[in-house]
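Peer 1: quick one: sequence plus predicted model below, questions after.
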Amino acid sequence: MTPRRAARTDNNHAEIRDAIRATGRYCHDCSAYGNGFPDLLCFNDYMQVVLFEVKPIGGRLTEAELKFHASYPGPLFIVRTAEMALEYLGMRWE
């Protein structure tokens, strides 16, 4: 079995994750999962799963992330600030 390398997170990752958790919402850090899976798994105000890919300003998705985004049927957003993430968590999808 090949050992996994430590996942690198963007410089705004901890700030966004911590801001979501500070509101009392559930936020699971998935940044070590790899294979294009988004960085954060959260629940919005309506208990719907929302996935976030954290990127810095100007940051781009990897090929694996693009593939995952294209196939995932639920709410999945690229967030660059805590404010963006919190705004998405206030929304509801039917």
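Peer 2: On my side now, so go ahead. Everything numeric in this text was worked out from a predicted model, so none of it was measured. Numbers count the residues shown, from 1 in each chain.

Peer 1: which parts of the longest strand seen in the chain are buried?
Peer 2: Longest strand of the chain, by residue count under DSSP state E: strand 49-54. By neighbour count on 16 or more other C-beta atoms under 10 Å, the buried set for strand 49-54 is 50, 51, 52, 53, 54. Bear in mind the C-beta positions are built from the backbone N, C-alpha and C, glycine included.

Peer 1: looking at those residues, which is nearest residue 79?
Peer 2: Nearest to residue 79, judged by C-beta to C-beta, of those is residue 52 at 4.9 Å.

Peer 1: and the gap between the nearest residue to the closest one once chain neighbours are set aside and residue 94?
Peer 2: With sequence-adjacent residues excluded and distances taken as C-beta to C-beta, 6 or more residues apart in numbering, residue 52 is closest to residue 40, at 4.2 Å. Residue 40 sits 23 Å away from residue 94, taking C-beta to C-beta, to the nearest Å as the criterion.

Peer 1: those two - which one has more neighbours?
Peer 2: Shown here are residue 40 and residue 94; by other C-beta atoms under 10 Å, residue 40 has more neighbours (22 against 4).
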